[in-house]
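Q: Sequence isn't available, so here's the structure alone:
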């Protein structure tokens, strides 16, 4: 048992030092598992255990069919700040992008109906989006909107900030917001969008939003890559 542990420690230490020294390619891609196995004269099983340890520390991440990459700095997220995704990224010197997966009317689940204070099986607007930081997908989110307040919103550009769209098109501004945050495992749909293995760890954030008139207007189901986010809250 001692030899594999020693090998693991050697691999983790060497790769950690290489990451700190910026020894990998510009895009942060690590050599292939075969190349690393040969470099450290070890088996793929031992190597993968070492890589998994570094992944658990948030130093590297794996993309399905693409390999292992050095994790970029986490985005700092303060739920108490009234900001949106693109503004948050810009304020931290990062580049943000939003891709619309689909947008349509749908019958809401019982959970969503409860959060929106709607009767069971209500019709809502569902917008599914994938959000990127520095070209890396970090957030899969499902937005559920009460259609009573957002007539024809699907005709608008949904790759931009919904916060700004609410204000400019509908005169609606966020008021009270409720956050629920729990660690979870990514759903198959979220995993596919984020290009990671199904069941990978994630931070699941549910936001239920009220407007300036205290009406519940929408809720967001956010699946964040666990190594992409740093929750930072200061309360006076």
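A: Looks like it came in fine. Note that the coordinates shown come from a computational prediction; the quantities given were computed from them, not determined experimentally.
Q: mind checking how far the residue lying closest to residue 220 once chain neighbours are set aside is from residue 34?
A: Leaving aside its chain neighbours, residue 220 sits nearest to residue 207 (4.3 Å; criterion: C-beta to C-beta, 6 or more residues apart in numbering). Glycine gets a C-beta too; all of them are placed from N, C-alpha and C. Residue 207 sits 43 Å away from residue 34, going by C-beta to C-beta, to the nearest Å.
Q: Tell me how many other residues surround the residue nearest to residue 220.
A: By other C-beta atoms under 10 Å, 19 other residues sit near residue 207.
Q: Who is it paired with across the strands?
A: Beta-bridge partners for residue 207, by DSSP bridges, are residue 179, residue 220.
Q: Pretty sure it sits against residue 216.
A: No: counting by C-beta atoms under 8 Å, residue 207 sits too far from residue 216 to count as a contact (11.3 Å).
Q: Tell me the pLDDT of the residue nearest to residue 220.
A: With respect to pLDDT, residue 207 has a value of 95.
Q: quick one, what contacts residue 104?
A: By C-beta atoms under 8 Å, 6 or more residues apart in numbering, the contact set of residue 104 is 125-126, 154.
Q: now those residues in TSV, with distance to residue 168 and neighbour count?
A: TSV is the format used below for those (distance: C-beta to C-beta, whole Å; neighbours: other C-beta atoms under 10 Å):
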residue	distance to residue 168	neighbour count
125	17	19
126	22	18
154	16	15
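Q: which one among the residues you listed gets closest to residue 106?
A: Closest approach to residue 106 among the contacts of residue 104 (C-beta to C-beta): residue 126, at 4.5 Å.
Q: Distance check, that closest one against residue 49.
A: 40 Å.
Q: And residue 119, by the same measure?
A: Note on residue 119: its distance to residue 49, by C-beta to C-beta, is 51 Å.
Q: Tell me which of the two has more neighbours.
A: It is residue 49, of residue 119 and residue 49, that has more neighbours when counted by other C-beta under 10 Å, with 17 against 8.
Q: Check which helix or strand that one maps to.
A: Element membership of residue 49, judged by DSSP states H and E, is helix 44-56.
Q: Grab the longest helix from this protein for me.
A: Assignment by DSSP state H gives helix 2-20 as the longest helix of the chain.
Q: where's that helix relative to the chain centroid, distance-wise?
A: Chain-centre distance of helix 2-20: 28 Å, with C-alpha atoms, centre = their mean, to the nearest Å.
Q: Helix 44-56 and that helix, what's the angle between them?
A: Orientation of helix 2-20 against helix 44-56 (axes from the mean of the first three to the mean of the last three C-alpha atoms, to 10 degrees) gives an angle of 50 degrees.
Q: Can you point out the buried residues in helix 2-20?
A: Within helix 2-20, the residues that qualify as buried by neighbour count (16 or more other C-beta atoms under 10 Å) are 7-8, 11-12, 15, 19.
Q: cool, and stretch 202-212?
A: Judged by neighbour count using 16+ other C-beta under 10 Å, the buried positions of stretch 202-212 are 202-209, 211.
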